[in-house]
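In: Quick one: sequence and predicted model below, then my questions.
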Amino acid sequence: MTDKFRNKTAILNPFVQHRGFLWEARTRILVCYTALMTGFIVFSIPIFSQLALNQVETRVQGDLNKDIKYFDSFIKQQNEPKNKIELANIFQKFLLRYIPEDDTFFITMIDGKFYNSSPRAKPKPLQEDSELMMRWAKMTQHEDGVFQTNDPSIGNILYHCYPVTINGQVRGMYVVAHTTAGEIAEATDIVSVVIKVLLTVLGLAFILAWIASGKILAPLRNLIATARSINEIDLTQRIPVKGTGEMAELAETFNAMLERLQVALVSQRALINDAGHELRTPITIIRGHLELIGDDPIEQQETIELVIDELDRMSRLVNDLLILAKSERSDFLQLEILDIYVLTQELYHKAIAIAPRNWQLEAKGRGLIKIDRQRITQAIMNLAVNATQHTLETDTITLGSLVKDNYLCLWVSDTGEGIQKADQQRIFERFARGSFSRPHCDGSGLGLSIVKAIAIAHNGYVELESEPGIGSTFTLVLPLKSF
């Protein structure tokens, strides 16, 4: 994208460039993280509160059970009371010996009437004439229960009742009662402290998440900055890759994409420059002859023939460039299963019609291969034409095929002038020619580039063996199971 196009886009749609604070990925990540943390706290506080209250009730019930066990153990150590006077003495001794904990009350009854308690001061629901006391007075067996009050300063009353018998009859009742208001207040204070701690942690987590998200998204900002600094002139910018993980992989992938774009751009520029250079010559020739054409019919005929010849050369050049451009498309090949033996014979019979040479069919492989018949024929014919252009009529050109190690080898070998070492890689480039190219060679310099492109499209490659003065052998190496 050019700077002009970027500026135009920014003018037409500035919202794309400045979408606001809330559109930033960093902010959205932080909002999601905060929402999750807040939801976790909102759901956890009621659960924690309920667990705290359950823990309070469990602990109070445990204390009540201990107080009942103390009384049971104490009364078993005493002589069994024979009358209510002895029972009163037992109650009195127990109340003097054991001191209840805070919010706990030891209550004793004899013959359905209140006798004594520890401590003496009791809340209203535990007064002698209260509903709860009247119910305890009528009990004749063990009972554990909860009495709910509407007074928040008292809370619920948890109690355990222990009946005492004289001569097989229930004459007394020992009750351990506990008001839960104090325990609930303590649990509420703990929950309040926990809420404050969680909110503080949430705030710290918010700050740390903002800092961490900034560090995590730093490669994305570098990617954006690099992408904005890239234009069709400069593709050398790269993102520094640090560490491992998805961000590092993203940076590596972006750098690889830039590398491919740079290679493609350089190749495109070279192609345009080379094509422009190759097309400029025939255009200049055509224009020069047309400007100088006279009235002589013979001269006009010669000029027309020359122009047509140059136009034909330009047409071949354009067709070759189109083939190279199509070679990178997915529909470049039309694959079919062919018999290698028959294919080799067909290629040989087509090649011998190119020019008079000592043509030989050296070998014919056997088997099947899935390839594009027309493209492979085009590649071998290009190699055959190239061989005729660098040989004399008395030279030998050999075609052959061989199946080896799951590869098909198709070769064209000649006994011509050969290729220098320095040129053996360069001649596969576009518009390249060898140092020994004959003056009469009228090729576009794209023939070997097309051969290489066809081989690569088939997941294969081209091999070249050549020595100056001895000859050259070009071999297409194609995998049998490529598709």
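Out: Looks like it arrived, so ask away. Numbering: from 1, shown residues only.

In: And residue 211, its phi and psi?
Out: Main-chain torsions, residue 211, degrees, to the nearest 10: phi -70, psi -50.

In: burial of it, as a residue count?
Out: Applying other C-beta atoms under 10 Å, we find 9 other residues in the vicinity of residue 211. The C-beta positions use only the backbone N, C-alpha and C, and glycine is treated the same way.

In: Just the pLDDT for it.
Out: The per-residue pLDDT reported for residue 211 equals 83.

In: residue ranges for the helices of the stretch 301-450 of the chain, please.
Out: Listed in chain order, the helices found in the stretch 301-450 of the chain under DSSP state H, counting those that start in this stretch are 340-351, 373-389, 447-457.

In: And these: which comes nearest residue 72?
Out: Closest approach to residue 72 among these is made by helix 447-457 (96.2 Å; C-beta to C-beta).

In: Contacts made by the closest one with the rest, please.
Out: 320, 323-324, 327, 332-333, 372, 375-376, 378-379, 382-383, 385-386, 427-430, 432, 461-462, 474, 476-478 (C-beta atoms under 8 Å, 6 or more residues apart in numbering).

In: how far does that helix sit from the chain's center?
Out: Relative to its parent chain, helix 447-457 has a centroid offset of 36 Å by C-alpha atoms, centre = their mean, to the nearest Å.

In: How about stretch 296-304?
Out: 70 Å.

In: the helices in the stretch 51-200 of the chain, which residues?
Out: Using DSSP H, counting those that start in this stretch, helices in the stretch 51-200 of the chain cover 84-97, 131-137, 181-216.

In: just checking, next helix/strand downstream of the last one?
Out: In other words, helix 181-216. Where DSSP states H and E defines the elements, the next helix or strand beyond helix 181-216 is helix 218-229.

In: can you state the direction angle for that next one and helix 181-216?
Out: 30 degrees (axes from the mean of the first three to the mean of the last three C-alpha atoms, to 10 degrees).

In: Quick one: mean pLDDT over the following helix or strand past helix 218-229.
Out: Using DSSP H and E, the helix or strand that follows helix 218-229 in sequence is helix 246-292. Across helix 246-292, the average pLDDT comes to 75.

In: So which elements touch helix 246-292?
Out: Counting contacts by 3 or more C-beta pairs under 8 Å, 6 or more residues apart in numbering; DSSP states H and E, helix 246-292 packs against helix 218-229, helix 297-326.

In: tell me the angle of the last one relative to helix 246-292?
Out: Taking the same axes, to 10 degrees, one finds helix 297-326 and helix 246-292 inclined to each other by 170 degrees.

In: related to what we said a few turns ago, weakest of the helices and strands packed on helix 246-292 by average pLDDT?
Out: Looking at the helices and strands packed on helix 246-292, the weakest mean confidence is helix 218-229, a mean of 74.

In: Pull out the buried residues from that one.
Out: 219, 222-223, 226 (16 or more other C-beta atoms under 10 Å).

In: Equivalent analysis for stretch 114-129, please.
Out: Buried residues in stretch 114-129, defined by neighbour count with 16+ other C-beta under 10 Å: 114-115, 117-118, 122-123, 125-126.

In: One more: stretch 83-98?
Out: For stretch 83-98, by 16+ other C-beta under 10 Å, it's 87-88, 90-91, 94-95.

In: Kindly report the same for stretch 367-387.
Out: 369-372, 375-387.

In: Repeat that for stretch 202-219.
Out: Within stretch 202-219, the residues that count as buried by 16+ other C-beta under 10 Å are 209, 213, 216-217, 219.

In: what distance separates it from the middle of the whole chain?
Out: For stretch 202-219, the distance to the chain centre is 20 Å (C-alpha atoms, centre = their mean).

In: With pLDDT and distance to residue 358 as added columns, please give the buried residues of stretch 83-98 in CSV.
Out: Converted to CSV, the buried residues of stretch 83-98 look like this (pLDDT from 0 to 100; distance: C-beta to C-beta, whole Å):
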residue, pLDDT, distance to residue 358
87, 82, 138
88, 86, 141
90, 86, 136
91, 84, 135
94, 85, 131
95, 85, 133
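
In: Now render those as TSV, adding distance to residue 287.
Out: Converted to TSV, those look like this (distance: C-beta to C-beta, whole Å):
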residue	distance to residue 287
87	137
88	139
90	135
91	133
94	130
95	130
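
In: okay, now the domains of the chain?
Out: 1-216, 246-326, 336-479 (automatic domain parsing).

In: Ok, which of these comes nearest residue 240?
Out: domain 246-326 (7.4 Å).

In: Residue 364: which of the helices of the stretch 301-450 of the chain is closest?
Out: helix 340-351 (4.4 Å).

In: How about residues contacting that closest one?
Out: Under C-beta under 8 Å, 6+ apart, the answer for helix 340-351 is 359, 361, 363-369, 373, 376-377, 380-381, 384, 397, 399-401, 403, 408, 410, 412.

In: what's the answer for stretch 41-53, then?
Out: With C-beta under 8 Å, 6+ apart as the criterion, stretch 41-53 contacts 184, 187, 190-191, 194-195, 198-199, 202.

In: starting at the chain centroid, how far to that stretch?
Out: For stretch 41-53, the distance to the chain centre is 37 Å (C-alpha atoms, centre = their mean).

In: Not counting its neighbours along the chain, what's nearest residue 71?
Out: residue 174 (5.3 Å; C-beta to C-beta, 6 or more residues apart in numbering).

In: How about the contacts made by that neighbour?
Out: Residue 174 neighbours (C-beta under 8 Å, 6+ apart): 68, 71, 91, 94, 106-108, 161-164.

In: For it, name its beta-bridge partners.
Out: residue 108, residue 162 (DSSP bridges).

In: Name the nearest residue to residue 326, ignoring sequence neighbours.
Out: Closest to residue 326 by C-beta to C-beta, 6+ apart is residue 332, at 5.1 Å.

In: mind checking pLDDT for that neighbour?
Out: 82.

In: if I read this right, it contacts residue 325, doesn't it?
Out: No. Counting by C-beta atoms under 8 Å, residue 332 stays clear of residue 325, with 9.6 Å between them.
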